[in-house]
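*Asks:* Provided below for reference: sequence and predicted model.
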Amino acid sequence: MHLTRRDFSKLTAMGITAELLSSKPAFPAQPSGKKVGYAIIGLGRIADLHMQGIHASPNSKVTALVSGHREKAEKYAAQYGIAASSIYSYETMDKLRANSAVDATYVCLPNSMHAEYTIRSAKAGKHVFCEKPMSTSVTDAEAMIAACKSANVKLMIGYRCHYETTNLAAIKLIRDGALGKVRSIQSAFGFNAGANEWRLSMPLAGGGPLMDVGIYCLNATRYLTGEEPAAFSAYSTNDPQDPRFNHPNSVEEDLVWTTKFPSGIVASCSTSYGANMQGYYRVYGSKGWLQVTEAFSYQGLHLTAEYERDAEKEADRTVHLDQLNPEKIPHQFVNEADHFSRCILTGQTPQSPGEEGLRDMQYIQQIYKSAGIKMA
Ligand code: NDP
């Protein structure tokens, strides 16, 4: 069965919403009319998608740009109707403080720059949406949280899957007990990285595929189980013949880790910059299993499941699910913008605050330590 948009609205009506991820109550309705203004910092691939999402969100708009490339910024400014006076460089971005059209920033820079630009945004009095991974060290993540608290601004980390329908449906199935007692999870996400990408440089990336895409598997094992990992064991390898991975500043190429959760659930995860690994997870429980393919993609997420339930007729006892999510780009980015703007307008804490990013940084540190990799 392939779900239509209407079917997905029904899932939402059934309670498959972001609130599932926490015990917090649903958000109050947003005050009407006001749109939250965003400055986008670093105009690369993810920034482009975020601008599409913000533009399509009813409570958000792009009002300023921060870039090292003025011409590129001018093109985006023309596309989104942004005044030339609201284009900044990295050197002048602190002047955002005086720009009343900007309520918040989106930090879309290479990983090692997240801390500096989050802290400078907070000091300019702006709320901050920061891409994952939150930082490249636990110390930086703590400093980012402290800076936002002291400036009394909100901090949200860009965990798209926390606001995404298929991931939320998988969580709901597990929480409702459809799979019985969950015992084991497998997950992977990786890609063959292009040479000369900042992602391959330790000083800019702070780590390799674990920081970039493996973090999705790590975070998924946490939201699927609703538990925090108790222990990690990890191995990593680099091909000594591959110039992308054989120099002193190179990041890890392949990494696998296993995790044990307090209830006894075990998870095994893989990530790579040397091979394409379609993002997926499989969850095995005492009554059945579920799988999501393209689990961390922008579209095309596909949930399948098979589990046993109590039913009078034998024919009704095995449930088969096959749900292809019809939502298209930039849907997930609209969800993130809607959510953060609603938090800013209503004073609520985001579902994926700085503390969520900090936890992943602490686990990433443990995984790297187990694999014998030194973080910056
Ligand atoms: P890109 O390389 O496409 O863009 C990064 C931008 O940062 C550049 O275009 C540039 O913008 C700016 N920049 C400033 N200094 C540097 C530098 N020294 N080297 C390179 N770029 C620099 O990266 P992505 O958009 O793919 O990734 C940005 C962040 O977003 C990363 O932290 C990544 O992990 C995260 N990400 C999140 C995704 C998600 O789905 N949530 C998906 C992809 C990435 P300018 O030219 O305007 O100065």
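*Replies:* Ah, there it is. Residues are numbered from 1 along each chain as shown.
*Asks:* buried stuff in stretch 299-311?
*Replies:* Within stretch 299-311, the residues that count as buried by 16 or more other C-beta atoms under 10 Å are 301-303, 305, 307. Any C-beta I mention is one placed from the backbone N, CA and C, and that applies to glycine too.
*Asks:* repeat for stretch 257-269
*Replies:* Neighbour counts using 16+ other C-beta under 10 Å place 257-259, 261, 265, 267-269 of stretch 257-269 among the buried residues.
*Asks:* which one of those residues sits closest to the ligand?
*Replies:* Nearest to the ligand among the buried residues of stretch 257-269, counting by C-beta to the nearest ligand atom, is residue 269 at 17.4 Å.
*Asks:* Just the ones in strands from the buried residues of stretch 257-269, please.
*Replies:* If you go by DSSP state E, those have 257-259, 267-269 in strands.
*Asks:* related to what we said a few turns ago, now, the most widely separated pair of the buried residues of stretch 257-269?
*Replies:* Using C-beta to C-beta, the two most remote members of the buried residues of stretch 257-269 are 257 and 265, lying 14.5 Å apart.
*Asks:* one step back: can you list the buried residues of stretch 299-311 in TSV and add distance to residue 353 and secondary structure?
*Replies:* Formatted as TSV, these follow (distance: C-beta to C-beta, whole Å; DSSP: H, G, I helix; E, B strand; the rest coil):
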residue	distance to residue 353	secondary structure
301	24	coil
302	30	strand
303	27	strand
305	30	strand
307	33	strand
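*Asks:* Tell me the buried residues in the helix or strand encompassing residue 236?
*Replies:* According to DSSP states H and E, residue 236 maps onto strand 231-237. Going by neighbour count (16+ other C-beta under 10 Å), the buried part of strand 231-237 is 232, 234, 236.
*Asks:* Can I get these in JSON lines including distance to residue 101 and pLDDT?
*Replies:* JSON lines is the format used below for the buried residues of strand 231-237 (distance: C-beta to C-beta, whole Å; pLDDT from 0 to 100):
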{"residue": "232", "distance to residue 101": "45", "pLDDT": "98"}
{"residue": "234", "distance to residue 101": "46", "pLDDT": "98"}
{"residue": "236", "distance to residue 101": "46", "pLDDT": "98"}
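*Asks:* I'd like those residues laid out as a markdown table, including distance to residue 127.
*Replies:* Below are those laid out as a markdown table (distance: C-beta to C-beta, whole Å):
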| residue | distance to residue 127 |
| --- | --- |
| 232 | 33 |
| 234 | 35 |
| 236 | 36 |
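*Asks:* could you pull out the helices for the protein?
*Replies:* Along the chain, the segments classed as helices by DSSP state H run 5-13, 45-56, 70-80, 114-123, 138-150, 165-175, 202-205, 209, 215-225, 331-346, 354-371.
*Asks:* Deepest in the core, which of those helices is it.
*Replies:* Mean neighbour count (mean count of other C-beta atoms under 10 Å) peaks for helix 209 among those, with a mean of 27.
*Asks:* For the residue of the stretch 251-376 of the chain found nearest the ligand, what are phi and psi?
*Replies:* Of all residues in the stretch 251-376 of the chain, residue 298 sits closest to the ligand, at 7.1 Å by C-beta to the nearest ligand atom. Dihedral angles of residue 298 (phi, psi; degrees, to the nearest 10) stand at phi -80, psi -20.
*Asks:* Could you shift the numbering so residue one becomes 287, and keep it that way?
*Replies:* I'll keep to 287 as the first residue from here, and by that count the last item is residue 584.
*Asks:* what about the closest residue to it other than its chain neighbours, distance to residue 342?
*Replies:* With sequence-adjacent residues excluded and distances taken as C-beta to C-beta, 6 or more residues apart in numbering, residue 584 is closest to residue 615, at 4.9 Å. Here residue 615 is placed at a distance of 10 Å from residue 342 (C-beta to C-beta, to the nearest Å).
*Asks:* circling back to that earlier point, ok, and which of the buried residues of stretch 543-555 reach the ligand?
*Replies:* Near the ligand, judged by C-beta under 6 Å from any ligand atom, there are no entries from those.
*Asks:* any chance of those residues in a markdown table, with distance to residue 626 and pLDDT too?
*Replies:* A markdown table is the format used below for the buried residues of stretch 543-555 (distance: C-beta to C-beta, whole Å; pLDDT from 0 to 100):
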| residue | distance to residue 626 | pLDDT |
| --- | --- | --- |
| 543 | 30 | 98 |
| 544 | 34 | 98 |
| 545 | 29 | 98 |
| 547 | 29 | 98 |
| 551 | 31 | 98 |
| 553 | 29 | 98 |
| 554 | 33 | 98 |
| 555 | 28 | 98 |
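*Asks:* May I see these arranged in CSV, with distance to residue 450 as well?
*Replies:* Putting these into CSV (distance: C-beta to C-beta, whole Å) gives the following:
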residue, distance to residue 450
543, 23
544, 26
545, 22
547, 22
551, 22
553, 20
554, 23
555, 19
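*Asks:* isn't residue 351 right next to residue 326, touching?
*Replies:* Yes - the criterion here is C-beta atoms under 8 Å, and residue 351 meets it with residue 326 at 5.5 Å.
*Asks:* shared neighbours of those two, anything?
*Replies:* The overlap between the contact sets of residue 351 and residue 326 (C-beta atoms under 8 Å, 6 or more residues apart in numbering) consists of residue 362.
*Asks:* can you list the residues of the chain near the ligand?
*Replies:* Residues of the chain found near the ligand (C-beta under 6 Å from any ligand atom) are 328-333, 353-355, 358, 394-397, 417-418, 444, 446, 484, 490, 498.
*Asks:* what's residue 385 sitting at in phi/psi?
*Replies:* phi -100, psi 100.
*Asks:* I'd assumed residue 372 was in contact with it.
*Replies:* Yes - using C-beta under 8 Å, residue 385 makes contact with residue 372 at a distance of 6.2 Å.
*Asks:* Sweet, I'm off.
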